[in-house]
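Participant: below: sequence and its predicted model.
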There are 2 protein chains.
Amino acid sequence: MIKQSASTDTDLALLAKALGHPARVRIIRHLAGRKSCMCGDIVRELPLAQSTVSQHLKVLKNAGIIQGTIAGPRVCYCLDPAVLARLKTQIATL
Amino acid sequence: MIKQSASTDTDLALLAKALGHPARVRIIRHLAGRKSCMCGDIVRELPLAQSTVSQHLKVLKNAGIIQGTIAGPRVCYCLDPAVLARLKTQIATL
DNA sequence: GACATCTATCGTAATATTACGATAAGATGC
DNA sequence: GCATCTTATCGTAATATTACGATAGATGTC
């Protein structure tokens, strides 16, 4: 019997919430294909304003699912494999 | 190469959104343990008003994750294994 | 039928989310 | 320095979410 604490529920809920928008799912799928990706590529990929995409990226970053590192004038986004793995594990144990 | 359509993104986003609240995660975990569960048990399990729990159950039901069948004066809730499996599969392919 | 029990829905208030354009902040190139 | 490019943030409006108490509806019991 595996103990499930309330904090685990909250953690899973936060991660799931971050995934709870089609645009963010699409961003994650896009990043999953490549090692990393410039922010501009993501903006071009989605039918949304640049500011809206930036907002979605912020949600994913706050959830810890993605990381952004500055690369010259641009920002290079990539998935955090550990957090993604945590999400997968928690979902799998449902 | 597996094709990922926009509808798949939306589907995953809808399921993830339904999971995006601690109370709903807890409901799902509670239901996962047993074959089914009376609504009242869930209400007792959570520190929320009955109407609020009913609202959360509705969200999960709309997402297709749980089903509710009337059992006399009560309602018996259970997980939909197929939908839960679909969620797990889609998360796993991220 | 009257009554209690269980659940859903209504009404409502507070807060969060989503989207956009405009603008600011940071880096590069001339 | 100045213009340009890229991204984040601000301001804002529309909508959605979350929570509660109150109430309605359905069912079983007496």
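Facilitator: That came through, no problem. Numbers count the residues shown, from 1 in each chain, chains lettered A, B, ... in the order given.

Participant: from B:Pro22, how far out is the residue nearest to A:Ala18 when sequence neighbours are not counted?
Facilitator: Computed as C-beta to C-beta, 6 or more residues apart in numbering or on different chains, the closest residue to A:Ala18 that is not its neighbour in sequence is A:Ala63, at 3.5 Å. In this view, the C-beta of every residue, glycine as well, is placed from N, C-alpha and C. Using C-beta to C-beta, to the nearest Å, one obtains 14 Å as the distance from A:Ala63 to B:Pro22.

Participant: repeat that for A:Thr89.
Facilitator: Applying C-beta to C-beta, the value for A:Thr89 to B:Pro22 is 18 Å.

Participant: and these two? which has more neighbours close in?
Facilitator: Neighbours were tallied for A:Thr89 and for B:Pro22 using other C-beta atoms under 10 Å in any protein chain shown; the higher tally belongs to B:Pro22 (21 against 11).

Participant: following the worst-scoring helix or strand of chain A on mean pLDDT, which helix or strand comes up?
Facilitator: Using mean pLDDT, DSSP states H and E, the weakest-scoring helix or strand in chain A turns out to be strand A:37-38, at a mean of 90. Using DSSP states H and E, the helix or strand that directly follows strand A:37-38 along the chain is helix A:39-45.
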